[in-house]
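K.L.:
Please find the sequence and the predicted model below.
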Amino acid sequence: MNKTLSVSAINNGTVIDHIQCGNALRILHFLGLIKNEYQITLGMNLPSKRLGRKDLIKIEGVELTPNQANEVMIFAPDATINIVKDFNVTQKIKTHLPEQVAEVFLCPNLVCVSQDKNIDSIFYIDEQGKHVKLTCHYCERAFDKDSLKVKM
Amino acid sequence: MKSLLYQKDILSIRELSLDSIQQVLDLAKNIKQNPILKTLQNKIVAHCFFENSTRTRLSFESATFRLGGQVIGFSSDEALSVKKGETLEDTIRVVSTYCDAIVMRHPREGAARFAAEISDKPIVNAGDGANQHPTQTLLDLFSMQESQGKIDGLSIALVGDLKYGRTIHSLTQACELFDIRLYLVSPESLTLPESICDRLKKRGIRYSFHQTLEEVIPKVDILYMTRIQQERFSKAEYPLIKNAYILTANHLKRAKANLKVLHPLPRVNEIDVDVDKLGHAYYFQQAANAVYVRQALLTLVLNEYVNIKVGELA
């Protein structure tokens, strides 16, 4: 059978697979990779046995740290994150949702004190079934992960 | 008696244990019966009201003075350094050097928590936007206990704006600590936020949704009324909604004898003045209790030991 890759392989770097559709760009923003000159291959709405459709990111020349990998879970709880060396997967990063995340998201509550640019946002993370809820440390409101904007 | 709240910030009802809440309620009862404690002598309490307030500010001032303490502070952001552009962080940093504790109201949600991270003196949240109003909840609980002799086992109807009302949000969190049955009475668009319902469910609190006062009045011990604000509705909708949530003496004909009506005040028209004459009306006693409860709270925050034997409490 003729098998071809929808997204080309990378030599050395990180592959983030099984991302819920629509979250790949948010992850790139969050990791701060869009502003840099890394070679990034992005697949969106790819067919997936597990998810039906998925997004995929391949980053050449960057190895995510365990903390970064855990924070990616907030955007994509089903994601798998692998480190590639010489075109081979050398490490599958074991991930878990962090208990809290600081300075990453903007609180959508316009009257939250953390709207002040001098105050760093902090959110507590709670997994409720398939949903990830984030509760603002300051205004105590809970939000679905998809309603939060990543701080630029 | 050793205080469970000595030098603690009082920011959110969620962070108070059942034991510490009970200590506040017991001490408030003691103070109401024997109003001679001078536990704030030589203490200065800064009352920083970045937003106007009448009852909360005056009752905190009265509580501080009655305990022999001194009050400094301001009652709005008028003529303040805030108007000149000073950050909340700088204001709190400076004020905290002038006093032993800060009582603070602010329009921004989470402002009291942020202040607590800056200040080395305890912060008492007197309301932060629509988020929390923990001392209101303590006086609500005190009024329930005082009027019914208990809190566990009560059936409580929360009526009006359950979506935006901070007193409601704080009160539902306190309800998680007790064995309480809740009846949630509101227009559909002002119902309790889903996140709060989820928490109640997790804690095993029984609750149900209702749209009229009539269906819950015969069942409840406490009828907790709140104001529905006109700006939440269109001009056409408001008169219909408003009339559905005005409590009249007629409604209470079917009430249990022990039913008490509470309201955080100010009321506009959601409780008809005819209700004031009935034995069910308890909102003015509730407002008076604000001073005793705030006296108890300030005493516990600023004194490691209170010179009352445990047996003398409650």
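P.N.:
In hand now; what should we look at? Numbering: from 1, shown residues only, chains lettered A, B, ... in the order given.

K.L.:
nearest spatial neighbour of B:Asp120, skipping sequence neighbours?
P.N.:
Once flanking residues are discounted, B:Asp120 sits nearest to B:Ser96: 6.2 Å by C-beta to C-beta, 6 or more residues apart in numbering or on different chains. Bear in mind the C-beta positions are built from the backbone N, C-alpha and C, glycine included.

K.L.:
Phi, psi for the one you found please.
P.N.:
Backbone torsions of B:Ser96, given as degrees, to the nearest 10, read phi -60, psi -20.

K.L.:
Tell me how many other residues crowd it.
P.N.:
20 (other C-beta atoms under 10 Å in any protein chain shown).

K.L.:
isn't it right up against B:Ile102?
P.N.:
Yes - B:Ser96 is within contact range of B:Ile102, at 6.3 Å (criterion: C-beta atoms under 8 Å).

K.L.:
shared neighbours, the two?
P.N.:
Residues touching both B:Ser96 and B:Ile102 by C-beta atoms under 8 Å, 6 or more residues apart in numbering or on different chains: B:46, B:119, B:121.

K.L.:
Could you pull up the residues touching the last one?
P.N.:
For B:Lys121, the contacting residues are B:96, B:99-102, taking C-beta under 8 Å, 6+ apart as the criterion.

K.L.:
of all the residues you listed, which comes closest to chain A?
P.N.:
B:Ile102 (15.3 Å; C-beta to the nearest C-beta).

K.L.:
excluding its backbone neighbours, what's nearest the residue of the stretch 1-150 of chain B at minimum distance from chain A?
P.N.:
Across the stretch 1-150 of chain B, no residue is closer to chain A than B:Gly110, which sits at 2.5 Å (C-beta to the nearest C-beta). Using C-beta to C-beta, 6+ apart and skipping the chain neighbours, the partner closest in space to B:Gly110 is A:Tyr138 (2.5 Å).

K.L.:
Pull the number of nearby residues for that neighbour.
P.N.:
Neighbours of A:Tyr138 (other C-beta under 10 Å): 26.

K.L.:
hang on, A:Gly22 packs against A:Leu51?
P.N.:
No - assessed by C-beta under 8 Å, A:Gly22 is found out of contact with A:Leu51, at 11.6 Å.

K.L.:
how near is the residue of the stretch 1-150 of chain B closest to chain A to A:Ala76?
P.N.:
28 Å (C-beta to C-beta, to the nearest Å).

K.L.:
Would you map the strands across the stretch 51-200 of chain B?
P.N.:
Under the criterion DSSP state E, counting those that start in this stretch, the stretch 51-200 of chain B contains strands at B:70-74, B:101-106, B:123-128, B:155-159, B:181-185.

K.L.:
will you turn those into JSON lines that also has mean neighbour count?
P.N.:
Listed next are those as JSON lines, based on neighbours: other C-beta atoms under 10 Å in any protein chain shown:
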{"stretch": "strand B:70-74", "mean neighbour count": "17"}
{"stretch": "strand B:101-106", "mean neighbour count": "26"}
{"stretch": "strand B:123-128", "mean neighbour count": "27"}
{"stretch": "strand B:155-159", "mean neighbour count": "24"}
{"stretch": "strand B:181-185", "mean neighbour count": "22"}
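
K.L.:
closest to A:Leu28 out of the ones you listed?
P.N.:
Nearest to A:Leu28 among these is strand B:123-128 (35.2 Å), distances taken as C-beta to C-beta.

K.L.:
With just CA atoms, put the closest one into CSV.
P.N.:
The C-alpha trace of strand B:123-128 is given here as CSV (Å, rounded to 0.1, in the frame of the first residue of the first chain):
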residue,chain,number,x,y,z
ILE,B,123,-7.4,42.7,54.4
VAL,B,124,-11.2,42.4,55.0
ASN,B,125,-13.1,42.4,51.7
ALA,B,126,-16.2,44.6,52.0
GLY,B,127,-17.2,43.8,48.4
ASP,B,128,-15.3,43.5,45.2
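
K.L.:
Residues contacting that strand, please?
P.N.:
A:113, B:9-12, B:47, B:49, B:51, B:53, B:56-57, B:60, B:101-113, B:115-116, B:132-136, B:166, B:297-298, B:301.

K.L.:
Could you rerun that using 6 Å?
P.N.:
B:9-11, B:56, B:102-106, B:109, B:111-112, B:115-116, B:132-134 (C-beta atoms under 6 Å, 6 or more residues apart in numbering or on different chains).

K.L.:
Tell me which residues touch the residue most central in space within chain B, please.
P.N.:
What sits nearest the mean C-alpha location of chain B, by C-alpha atoms, centre = their mean, is B:Gln136, with 1.1 Å. B:Gln136 makes contact with B:167, B:264, according to C-beta under 6 Å, 6+ apart.

K.L.:
What confidence value was assigned to it?
P.N.:
Confidence at B:Gln136, expressed as pLDDT, is 96.

K.L.:
The lowest-mean-pLDDT helix or strand in chain A packs against which elements?
P.N.:
Using mean pLDDT, DSSP states H and E, the weakest-scoring helix or strand in chain A turns out to be strand A:149-150, at a mean of 84. The contact analysis (3 or more C-beta pairs under 6 Å, 6 or more residues apart in numbering or on different chains; DSSP states H and E) places strand A:149-150 against helix A:24-31.

K.L.:
and whatever helix or strand comes next after the helix it packs on, how far from the chain's centre?
P.N.:
Using DSSP states H and E, the helix or strand that follows helix A:24-31 in sequence is strand A:40-48. With C-alpha atoms, centre = their mean, to the nearest Å as the basis, strand A:40-48 stands 14 Å off its chain's centre.

K.L.:
need the contact list for A:Asp17.
P.N.:
A:56, A:80.

K.L.:
what about it, which SS state?
P.N.:
strand (DSSP: H, G, I helix; E, B strand; the rest coil).

K.L.:
Which residue does chain A have closest to chain B?
P.N.:
For chain A, C-beta to the nearest C-beta, closest residue to chain B: A:Tyr138, 2.5 Å.

K.L.:
How confident was the prediction at that residue?
P.N.:
96.

K.L.:
Count the neighbours of the residue of the stretch 201-314 of chain B at minimum distance from chain A for me.
P.N.:
Of all residues in the stretch 201-314 of chain B, the one sitting closest to chain A is B:Lys202 (9.8 Å; C-beta to the nearest C-beta). For B:Lys202, the count of nearby residues is 10 (other C-beta under 10 Å).

K.L.:
Pull up the gap between the residue sitting furthest away from the middle of chain B and B:Gln230, please.
P.N.:
Residue farthest from the centre of chain B, counting by C-alpha atoms, centre = their mean, is B:Ala236 at 32.2 Å. From B:Ala236 across to B:Gln230, the span is 12 Å (C-beta to C-beta).

K.L.:
low-confidence ranges in chain A?
P.N.:
For chain A, the stretches with pLDDT under 70 are A:1-7, A:152.

K.L.:
Now with 50, please.
P.N.:
Scanning chain A for pLDDT under 50 picks out A:1.

K.L.:
So in it, which helix runs the longest?
P.N.:
helix A:66-75 (DSSP state H).

K.L.:
residues of it that come out buried?
P.N.:
A:68-75 (16 or more other C-beta atoms under 10 Å in any protein chain shown).
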